[in-house]
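Q: Sequence first, then the predicted structure:
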Amino acid sequence: MTDSADPNVIRAAFAGEIETEAARDDVEVAIASLDRGEVRVADKVDGEWVVNEWVKEAILLYFRLRQMETIEVGPYEYHDKIPLKSGLAEQGIRVVPPGTVRYGAFCEPGVIVMPGYVNIGARVGAGTMVDTWATVGSCAQIGRDVHLSGGVGIGGVLEPPGARPVIIEDGAFIGSRSIVVEGTIVEERAVLGANTVLTASTPIIDVTGPEPVEHRGRVPAGSVVVPGTRPKQFPSGSYDLTCALIIGRRTAATDEKTTLNEFLRELDVQL
């Protein structure tokens, strides 16, 4: 087996230029490197997130190469193609039963996974909490010191390989039952109130100034976001459609003067 994966071999196999089996060693090495955090699905380069397509292609090829097998963990039985992540104690990761981290996901030391789920290709930064029934979808990139509250759904994306995954940057707080999908970026230290739903097309409207400012697919750093609606006219009448509202911002000054919870209570934000 090779010491490092050859992206060109993986690209050729994914494109059908060579047999998938011919790329087995490179695929296995790529997934092992992904599991150890040596490669990742997306990197931030010069302030912009760039997708490493060949890594996602390696994951898709891995599914083709793997066979179904029975996995027994105490009284639990699973039947799947992808094994569970192992060596948690040595890596400094806490996983509370029946929480699950799949092989090919990387968690930095200090990550806590309550009875939630972290899928293959995902990366979770140090000090982050994946709370009860929160899910981190395939290839999602979760930063350091993030809190994913109970029932949060972070969407996964494998295809097309060039599609950007969901990205939650350092220090963000995602309130309970919130959903973030379709490659949306939540920038550092942003806060999503409970039940906020963000897709690539969700209007994210900053209402803190004299005129509304609209964003899509990105929550600016430090923003405090809550669910909202705005009216839209249809042939049969006017109806309110879902949007998200930026109603405030975290700053270094507010963080120094008050706890996050106190600051959010002042804004009447439910977490």
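A: That came through fine.

Q: List the residues that contact residue 155.
A: For residue 155, the contacting residues are 137, 140, 166, 179, 180, 181, 182, by Cβ atoms under 8 Å, 6 or more residues apart in numbering. Just so you know, the C-beta spots here come from the backbone N, C-alpha and C atoms, and that holds for glycine as well.

Q: Now, the residues you listed that are in strands?
A: Here DSSP state E is the test, and these give 179, 180 as lying in strands.

Q: All the helices of the chain, in order from the start?
A: 7-14, 24-36, 53-65, 88-91, 252-257, 260-266 (DSSP state H).

Q: so can I have TSV of those helices showing distance to residue 74, mean pLDDT and mean neighbour count?
A: Putting these into TSV (distance: least, Cβ to Cβ, whole Å; pLDDT from 0 to 100; neighbours: other Cβ atoms under 10 Å) gives the following:
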stretch	distance to residue 74	mean pLDDT	mean neighbour count
helix 7-14	36	97	19
helix 24-36	22	97	20
helix 53-65	26	97	20
helix 88-91	15	97	12
helix 252-257	42	63	11
helix 260-266	37	67	15
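
Q: Count residues in the vicinity of the closest residue to residue 133 other than its chain neighbours, would you?
A: Leaving aside its sequence neighbours, residue 133 sits nearest to residue 151 (Cβ to Cβ, 6 or more residues apart in numbering; 4.9 Å). Residue 151 has 18 neighbours, counted by other Cβ atoms under 10 Å.

Q: Can you verify my assumption that residue 151 contacts residue 175?
A: No: the pair residue 151 / residue 175 is not scored as a contact, 9.7 Å apart, by Cβ atoms under 8 Å.
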